[in-house]
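> got a predicted model here, sequence first, then my questions.
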Amino acid sequence: MIGETGSMIGHISLGRVDYHNRSARIGKVFVHDCMRGKKVAHVAIEKVLRQAFEDMGLHRVTLGVFSFNESAIRCYERVGFKKEGLLRDHRKIGDEYWSLYEMAILEGEWREKK
């Protein structure tokens, strides 16, 4: 994501595109510290979902988010993602284990939010 000044303010990717099952996965969502709280991620996710559902004709978009990242979870839920499950102690980081929520939004849910 590039800001108005031309500087990098964040990053988002849409990968694991599966045209047979009409699905993809959002990954690597990052917003620079100076832009947090300014709905940058919200706007970026909406643009990616528009591309996924309107341009690519997908039916389902998923993502994973660590359970302690409450601001990201709220952002994803505001856009229309729903929690589908919790992968407990999914990733070992240092001496800790982090749990991960799997979230998804379906084409019909996205169209209802528009």
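Yep, it's here.

> contacts and neighbour counts: CA atoms only from here.
OK.

> what are the ranges of the helices in this structure?
Chain-ordered helices for the chain, with DSSP state H as the definition, fall at 40-50, 70-79, 107-113.

> would you mark the buried spots in the last one?
Think helix 107-113. Under the neighbour-count criterion of 16 or more other C-alpha atoms under 10 Å, helix 107-113 has Glu107, Glu109, Trp110 buried.

> can I assume the first one is in contact with Gln51?
No - Glu107 lies out of contact with Gln51 (C-alpha atoms under 8 Å); the separation is 11.5 Å.

> by mean pLDDT, flag the weakest helix or strand of this protein.
Of all the helices and strands that make up the chain, the one with the lowest confidence by mean pLDDT, DSSP states H and E is strand 23-31; it has a mean of 84.

> that one vs helix 40-50, what angle?
Interaxial angle of strand 23-31 relative to helix 40-50 (axes from the mean of the first three to the mean of the last three C-alpha atoms, to 10 degrees): 160 degrees.

> need the contact partners of strand 23-31.
Residues from elsewhere that reach strand 23-31, judged by C-alpha atoms under 8 Å, 6 or more residues apart in numbering: 9-18, 40-41, 52, 58-64.

> show the buried residues in those residues.
Those of the contacts of strand 23-31 that meet the buried threshold are 9-10, 12, 14, 17, 40-41, 52, 58-64, by 16+ other C-alpha under 10 Å.

> so of the residues you listed, which ones are in strands?
If you go by DSSP state E, those have Gly10, Ile12, Leu14, Val17, Arg60, Val61, Thr62, Leu63, Gly64 in strands.

> the residue nearest to the fourth one when sequence neighbours are not counted pairs with what?
Spatial nearest neighbour of Val17, chain neighbours left out: Ala24 (4.3 Å); criterion: C-alpha to C-alpha, 6 or more residues apart in numbering. The bridge-partner assignment for Ala24, based on DSSP bridges, gives Val61.

> now for Ala24, how many residues are close by?
Using other C-alpha atoms under 10 Å, the number of residues around Ala24 comes to 20.

> same deal with the one 5 residues further on?
Summarising burial for Val29: neighbours were counted as other C-alpha under 10 Å, giving 16.

> which of the ones in strands among the buried ones among the contacts of strand 23-31 scores worst on pLDDT?
For these, the least confidently modelled position is Gly10, at 71, judged by pLDDT.
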